[in-house]
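Asker: Turn this into a model:
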Amino acid sequence: MNESLTVVVAAPNMDAAVGAALAGRAASGRVEALIFDSEDLVEFFDHETQQELPRGYELVLCGVKVIRMNWDGRLVRPRLMKRLRGHVGLVRWFSASGWRPEDRRAVEHIIGEDKLFVDEGARSVAATVCDECCGRPDDYGRSLVQFARGELDDEEEEAWGADLRKVLGALKGDRAAMSKAVSAMMRQRIQDVIDQRLEQAERIEEENRACARENAEDPRLMRGKKLVAISIPRERHPFWAEISAYAREATGSELSMCHLSGRPTFLLSRGPELRIDLRKWARYLTDSLPRARAADARADAVPIVMEGSVDDAGLKEEILEALAEGAHLLVD
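Answerer: I've put the predicted structure just below:
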């Protein structure tokens, strides 16, 4: 990387933040770090945003993947491809997520096959960035990769690993603060990040636990398994997974369904101890309710988009009733 300015864009998670710090350390000249989720990346390629950046810079994407449809059921991929084609400047894209072949071919066609690094194995995106950008990493670079993989030795984990993990987890809802933390990590100032942000991280964790307690409904029995429904206010949307887990813990439930306030989206998720194929379960629900649509499914969570649910609270009850009726098909 020998451009005068390197812009590093990362997904708002720990592994991608570490990858961004490693990419910034490997870059010569000035470095600017930004934190986006996949949907916000479309807006980054907007003409007005691009005009604010110097020309002749290199863009490095860490951990961001191509999504076809967001959790609200809106198409994202066509707009992303269109904006990416209009981008001026070098692009390198690192990801540890599984990519669909057509997405991979499309991005390779736009940025160049040798500029897309997708590692679909067990290794982290931070490790991929380190291998491709850093040559022989120094001790600090190796420690960052071990941190991203959860493989720090006991001494380092106790000294800074656990606290940094808590901080990065809490900052994913604050793009500016996360970007500053990544910039500090580039300069080998982990302790500064912890000293400045640990109190904030602990406060956010307690606020998320309070949100779970205050907004969780009484659990419902789904063929022998408990499901808790939670309404999450907009300012807490980035922490839906944590709040969902806290609600399950507080109510002794194995399943949870988060309603993202102000959005037509319900997130159905399960605890790590429960074996259930949520995508098949959501497909059963989709067959029962034609307006429901699953998008961007994951192993432990799947969004269900119900048009009209923002204005019609009764649709949530329809979803829960349909789940109760079909739960016996797939709960293991």
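Asker: Over to L221: give its phi and psi.
Answerer: The phi and psi values for L221, taken as degrees, to the nearest 10, are phi -90, psi 120.
Asker: cool, L255 as well?
Answerer: Dihedral angles (degrees, to the nearest 10) for L255: phi -120, psi 150.
Asker: how close does it get to P137?
Answerer: 42 Å (Cβ to Cβ, to the nearest Å). Yep, even glycine has a C-beta here, placed from its N, CA and C like the rest.
Asker: Looking at those two now, which is surrounded by more residues?
Answerer: L255 (25 against 18; other Cβ atoms under 10 Å).
Asker: And the residue nearest to the more buried one when sequence neighbours are not counted, its phi and psi?
Answerer: Spatially, and ignoring its direct neighbours in sequence, L255 is nearest to L227 (4.0 Å; Cβ to Cβ, 6 or more residues apart in numbering). Per-residue torsions, L227: phi -120, psi 130 (degrees, to the nearest 10).
Asker: What pLDDT is listed against the closest residue to R68 other than its chain neighbours?
Answerer: Nearest in space to R68, with sequence neighbours left out and distances taken as Cβ to Cβ, 6+ apart, is R77 at 4.5 Å. In this model, R77 is scored at 91, pLDDT.
Asker: What residues does the nearest residue to V331 once chain neighbours are set aside make contact with?
Answerer: Spatially, and ignoring its direct neighbours in sequence, V331 is nearest to K225 (5.2 Å; Cβ to Cβ, 6+ apart). For K225, the contacting residues are S253, E254, L255, L274, A327, V331, by Cβ atoms under 8 Å, 6 or more residues apart in numbering.
Asker: which of the residues you listed lies closest to P219?
Answerer: Nearest to P219 among the contacts of K225, counting by Cβ to Cβ, is S253 at 4.8 Å.
Asker: Next one: the closest one from D119, what distance?
Answerer: To D119, S253 is 35 Å away according to Cβ to Cβ.
Asker: Give me the buried positions along the helix or strand harbouring I204.
Answerer: Per DSSP states H and E, I204 falls inside helix 190-215. Residues I190, V193, I194, R197, A201, I204, E205, N208, R209, C211, A212, N215 are the ones in helix 190-215 that count as buried (16 or more other Cβ atoms under 10 Å).
Asker: re the thing from before, of S253 and D119, who's got more company?
Answerer: S253 (24 against 18).
Asker: got CSV for the buried residues of helix 190-215, with pLDDT and distance to T128 too?
Answerer: Shown next, in CSV, are the buried residues of helix 190-215 (pLDDT from 0 to 100; distance: Cβ to Cβ, whole Å):
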residue, pLDDT, distance to T128
I190, 97, 21
V193, 97, 23
I194, 97, 26
R197, 96, 26
A201, 96, 27
I204, 96, 29
E205, 96, 29
N208, 97, 30
R209, 97, 34
C211, 97, 35
A212, 97, 34
N215, 95, 38
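Asker: The stretch 1-150 of the chain: strands as residue ranges?
Answerer: Along the stretch 1-150 of the chain, counting by DSSP state E, counting those that start in this stretch, strands occupy 5-10, 30-35, 58-62, 90-95, 116-118.
Asker: for those strands, which one ends up most surrounded?
Answerer: Most buried of the strands of the stretch 1-150 of the chain by mean neighbour count (mean count of other Cβ atoms under 10 Å) is strand 58-62; its value is a mean of 27.
Asker: which regions of the stretch 101-250 of the chain lie under the pLDDT threshold?
Answerer: Along the stretch 101-250 of the chain, the model assigns pLDDT under 70 to residues 121-122.
Asker: Let's see that with 80 instead.
Answerer: 120-123 (pLDDT under 80).
Asker: the helices in it, which residues?
Answerer: 101-111, 125-133, 139-149, 154-156, 162-170, 175-186, 190-215, 240-251 (DSSP state H, counting those that start in this stretch).
Asker: Of all these, which one is nearest I304?
Answerer: Here helix 240-251 is closest among these (Cβ to Cβ), at 13.3 Å.
Asker: Now do the closest one against helix 190-215, angle only.
Answerer: Interaxial angle, helix 240-251 versus helix 190-215 (axes from the mean of the first three to the mean of the last three Cα atoms, to 10 degrees): 50 degrees.
Asker: which other helices and strands contact helix 240-251?
Answerer: Here helix 240-251 touches helix 190-215, strand 225-232, strand 255-260, strand 265-270, going by 3 or more Cβ pairs under 8 Å, 6 or more residues apart in numbering; DSSP states H and E.
Asker: Can I get those in JSON lines including distance to R293?
Answerer: Converted to JSON lines, the helices and strands packed on helix 240-251 look like this (distance: least, Cβ to Cβ, whole Å):
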{"stretch": "helix 190-215", "distance to R293": "25"}
{"stretch": "strand 225-232", "distance to R293": "19"}
{"stretch": "strand 255-260", "distance to R293": "15"}
{"stretch": "strand 265-270", "distance to R293": "10"}
